[in-house]
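In: here is my input; please provide its structure:
(one chain, ligands or ions: 1)
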Amino acid sequence: MRISVIGAGYVGLVSAVCFADRGYEVTLSTEDPEKAKQINRAIPPFHETGLDQTLKRALDSGRMRATVGREEAVLNSDVTFIAVGTPSRTDGSIDLAFIKDSSARVGEALQRKVSYHLVAVRSTVVPGTTENIVKPMIEKHSGRAAGEDFGLVMQPEFLRQGSAIYDTINPDRIIIGEFDSRSGDSLLDLYRQFYGEKLPFALRMNLASAEMVKYASNAFLATKVSFINEVANICEKVAGVDVVKVAEGMGLDERIGKRFLHAGAGFGGSCFPKDLKAIVAFAGEHSYKPNILKSVLKVNRNQAIHVVELVRKRLGTLRGRRIALLGLSFKPGTDDLREAPSLRIIKQLLTKGARIVAYDPVGIENAKKILGKRIGYADTVESCLEGVDAAIIVTEWDEFRKLTPTDFKSWMQRPILIDARRIYDPATFRPEMTYAAVGLGL
Ligand SMILES: NC(=O)c1ccc[n+]([C@@H]2O[C@H](COP(=O)([O-])OP(=O)(O)OC[C@H]3O[C@@H](n4cnc5c(N)ncnc54)[C@H](O)[C@@H]3O)[C@@H](O)[C@H]2O)c1
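Out: Below is the predicted model:
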């Protein structure tokens, strides 16, 4: 099968390079000519672990190229993956403009296609979108019928930024929402070939259920994060209690599981906040008030205020104080700052009159685009900590894990450290300096 992918973001580009790397002919389509050129020159448009080498290999093999021509991409392939962005509108609901545009373009191309073509929606879309928007738009613009001339599937994507390539090659499961069984069979055939003996368990269902699996999964994971953050904030009230131990104890229960039980500064990124807001808005449109999910978002927003409060308590006031932020990207392994906790923490610190200097191994350029000169930027951990009144660990980069109390004490004006990601052992840090951490009782 020849493959086309529409949308060259984390999902689109990563899928494209992985397919090409495994021997498929891939045409990647983006609406941005500069981005297409950059990709064709083997320059990844964003930082993602292993992407530079895999992209280079894919291009060197001659099997992959990026283009702005969507029609050309569809016509040169047997299956088209739609992986365009589905951003939030101001009311939190999902903006389907790129999905509609892509569906129309796919439809126009299919008008000229004689053989059966499979269309797979990979973007996260609210239940009903593939059936009620994508399908009629393709049919209208192609004059063809779903199920006869083209197949239609919705396969939610579960990759994690920072390990996107690994996750694409080693998914836990494949969810296939299918318009009809022929469509589902076609996608499964492709994955049988792609994964060979390592084919993960594939669960088949209708289109809308698959769309809901994605929202329910992200909502559940985000709930785990907000849940443990709430537990952490209670732990802090009790002398000697440590949320790290509490989470470990909980996680040993197989019904609970230990993953996503890490207390910290809250979740961010392009998915959890956006998807939660979208499903909350979607429920509202259907006259249902999702109380748990609204609280998950609220706890997450408040966690940044909580982290800043941990600093304020140690300094008395934040006005005029110089605070170092270690980490800006929403998680390690990426330079993505969309909805990052760092941005909420910075906003809160600035409101309280603090001066900020920040360091991140890869996120500085993106931070400058968002924050400009409102904060200072450092090139190294050491220069970031130089002469500051307090430091906050905001992203758990490995580089920060190696730091010792001596490093902090020798570089900072006052050795006050707020570990908002729980990367240090309190037993080592507490005796040496003022060390406070999310979920650590006094
Ligand atoms: N980033 C993730 O970790 C992740 C994980 C799972 C699912 N998703 C979902 O996958 C979708 C894509 O996410 P992403 O993070 O890759 O987004 P992104 O913002 O990184 O990229 C989206 C891409 O679509 C392109 N695009 C927009 N309109 C286009 C059009 N009409 N034609 C061609 N290209 C167009 C944009 O230029 C951009 O390159 C979203 O629905 C998202 O929720 C993302």
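
In: could you confirm residue 418 falls within a strand?
Out: Yes: assessed with DSSP: H, G, I helix; E, B strand; the rest coil, residue 418 lies in a strand.

In: quick check: closest non-adjacent residue to it.
Out: residue 392 (4.5 Å; CB to CB, 6 or more residues apart in numbering). C-betas here are computed from N, CA, C, even on glycine.

In: over to residue 377?
Out: Distance criterion CB to CB, 6+ apart; nearest residue to residue 377, sequence neighbours excluded, is residue 364 at 5.3 Å.

In: kindly report the same for residue 273.
Out: With CB to CB, 6+ apart as the criterion, residue 273 has its nearest non-adjacent residue at 4.3 Å, and that residue is residue 339.

In: tally of neighbours for residue 357?
Out: By the criterion of other CB atoms under 10 Å, residue 357 has 19 neighbours.

In: quick one: list the elements packing against the strand or helix carrying it.
Out: Secondary structure assignment for residue 357, by DSSP states H and E: strand 355-359. Here strand 355-359 touches strand 322-326, helix 341-351, strand 376-377, helix 381-385, going by 3 or more CB pairs under 8 Å, 6 or more residues apart in numbering; DSSP states H and E.

In: dump stretch 62-73 to PDB, keeping only the CA atoms.
Out: This file holds the C-alpha atoms of stretch 62-73, laid out as PDB (Å, rounded to 0.1, in the frame of the first residue of the first chain):
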ATOM      1  CA  GLY A  62      13.900   8.000  -1.500                       C
ATOM      2  CA  ARG A  63      10.600   6.600  -0.200                       C
ATOM      3  CA  MET A  64       9.300   9.800   1.500                       C
ATOM      4  CA  ARG A  65       8.800  13.400   0.500                       C
ATOM      5  CA  ALA A  66       6.700  16.300   1.700                       C
ATOM      6  CA  THR A  67       4.600  18.400  -0.500                       C
ATOM      7  CA  VAL A  68       1.900  21.100  -0.300                       C
ATOM      8  CA  GLY A  69      -0.200  19.300  -2.900                       C
ATOM      9  CA  ARG A  70      -2.900  17.400  -1.100                       C
ATOM     10  CA  GLU A  71      -4.600  16.100  -4.300                       C
ATOM     11  CA  GLU A  72      -1.300  14.800  -5.600                       C
ATOM     12  CA  ALA A  73      -0.700  13.100  -2.200                       C
END
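
In: give the buried residues for that stretch.
Out: Within stretch 62-73, the residues that count as buried by 16 or more other CB atoms under 10 Å are 63, 64, 65, 66, 67, 70, 71, 73.

In: pretty sure the second one contacts residue 58?
Out: Okay, so that is residue 64. Yes: counting by CB atoms under 8 Å, residue 64 does reach residue 58; the two are 4.2 Å apart.

In: could you tell me which residues touch both of those two?
Out: Residues touching both residue 64 and residue 58 comprise 16, 17, 20, 26, with contact defined as CB atoms under 8 Å, 6 or more residues apart in numbering.

In: what residues does this structure put near the ligand?
Out: 6-12, 29-32, 83-86, 98, 101-102, 123-124, 157, 159, 161, 270-271 (CB under 6 Å from any ligand atom).

In: so residue 43, which of the three states?
Out: coil.

In: for it, give its distance to residue 226.
Out: Per CB to CB, to the nearest Å, residue 43 is found 37 Å from residue 226.

In: between these two, who's got more neighbours?
Out: residue 226 (24 against 12).

In: so what's that one scoring on pLDDT?
Out: Residue 226 is assigned 98 on the pLDDT scale.

In: that one: which element?
Out: Using DSSP H and E, residue 226 sits within helix 207-235.

In: list the helices and strands the helix or strand bottoming out on mean pLDDT in the chain packs on?
Out: The weakest-scoring helix or strand in the chain, judged by mean pLDDT, DSSP states H and E, is helix 70-75 (a mean of 94). Packing partners of helix 70-75 (3+ CB pairs under 8 Å, 6+ apart): strand 3-6, strand 26-29, helix 97-110.

In: chain center to that helix, what's the gap?
Out: Here helix 70-75 shows a centroid-to-chain-centroid distance of 28 Å under the convention CA atoms, centre = their mean, to the nearest Å.

In: ditto for stretch 28-39
Out: So, by CA atoms, centre = their mean, the centroid of stretch 28-39 is 21 Å from its chain's centroid.

In: now the end-to-end length of it.
Out: 10 Å (CA to CA, to the nearest Å).

In: which ones are touching the nearest residue to residue 244 once chain neighbours are set aside?
Out: Once flanking residues are discounted, residue 244 sits nearest to residue 422: 5.6 Å by CB to CB, 6+ apart. Going by CB under 8 Å, 6+ apart, residue 422 touches 243, 244, 262, 263, 264, 437, 438, 439, 440.

In: now the farthest one out in the chain, which residue is it?
Out: Centroid-distance maximum for the chain: residue 114 at 37.6 Å, with CA atoms, centre = their mean.

In: need the CA coordinates for stretch 45-53. PDB is fine.
Out: Extracted C-alpha coordinates of stretch 45-53, given in PDB (Å, rounded to 0.1, in the frame of the first residue of the first chain):
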ATOM      1  CA  PRO A  45      10.100  21.300  12.400                       C
ATOM      2  CA  PHE A  46      10.100  20.400  16.100                       C
ATOM      3  CA  HIS A  47      12.200  18.500  18.600                       C
ATOM      4  CA  GLU A  48      11.200  14.900  19.100                       C
ATOM      5  CA  THR A  49      13.400  12.100  20.300                       C
ATOM      6  CA  GLY A  50      15.000  10.300  17.400                       C
ATOM      7  CA  LEU A  51      13.100  12.200  14.700                       C
ATOM      8  CA  ASP A  52      16.100  13.800  13.000                       C
ATOM      9  CA  GLN A  53      17.800  10.400  12.300                       C
END
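
In: what's the burial count for the one residue in the stretch 151-300 of the chain that gets nearest to the ligand?
Out: When scored by CB to the nearest ligand atom, the stretch 151-300 of the chain has residue 157 as its residue closest to the ligand, at 3.9 Å. Neighbourhood size, residue 157 [other CB under 10 Å]: 22.

In: what does residue 231 give?
Out: Residues lying near residue 231 (other CB under 10 Å) number 17.

In: contact partners for the nearest residue to residue 321 once chain neighbours are set aside?
Out: By the measure of CB to CB, 6+ apart, the closest residue to residue 321 outside its immediate chain neighbours is residue 389, 4.5 Å from it. The neighbours of residue 389, taking CB under 8 Å, 6+ apart as the test, are 315, 321, 322, 323, 412, 413, 414, 416.
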